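Undergrad: After the sequence you'll find the predicted model.
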Amino acid sequence: MPFLKIKRRFKIKKSDGTIILETKAANLRVAVQIAVERGVSLSGADLRGANLERADLTAAKLKNTKMDFEQKDIGL
């Protein structure tokens, strides 16, 4: 039986609760990458607690984004 990735619905929100993106993905890291690939601005997003290890955020728009790590730690 092949390994199946179960997709759940994720909402990426700004700190004020405004929804930036709603999508189905295997996890929040993948949902964030979908947003980046679609050119969605993540400015003001609350990504605290998200495991973004190995996420390609080089094209991400992250101004005023709340994260658990420094942007300089991921090369931004």
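TA: Thanks, I have the structure now. Just so we're clear, the structure is a prediction, and the values are computed from it rather than from any experiment. Numbers count the residues shown, from 1 in each chain.
Undergrad: Report the contact partners of the residue nearest the centre of the chain.
TA: In the chain, the centroid-proximal residue (C-alpha atoms, centre = their mean) is Val32; its distance is 2.4 Å. Applying C-beta atoms under 8 Å, 6 or more residues apart in numbering to Val32 gives the contacts Ile12, Leu42, Leu47, Ala50, Leu52, Ala55, Leu57, Ala60. (Glycine included, C-beta is placed from N, CA and C.)
Undergrad: And the helices in this structure?
TA: 28-37 (DSSP state H).
Undergrad: thinking again about what came up before, tell me which of the contacts of Val32 is nearest to Asn27?
TA: Set against Asn27, the nearest of the contacts of Val32 by C-beta to C-beta is Ala50 (8.9 Å).
Undergrad: The closest one and Arg29 touch, don't they?
TA: Yes. The pair Ala50 / Arg29 is scored as a contact, 6.6 Å apart, by C-beta atoms under 8 Å.
Undergrad: so who does Ala59 touch?
TA: Val36, Gly39.
Undergrad: sorry, back to before: out of the contacts of Val32, grab the one that's most surrounded.
TA: Ranked by neighbour count (other C-beta atoms under 10 Å), the contacts of Val32 have Ala60 at the top, with 25 neighbours.
Undergrad: Skipping adjacent residues, who's closest to that one in space?
TA: Distance criterion C-beta to C-beta, 6 or more residues apart in numbering; nearest residue to Ala60, sequence neighbours excluded, is Val36 at 4.7 Å.
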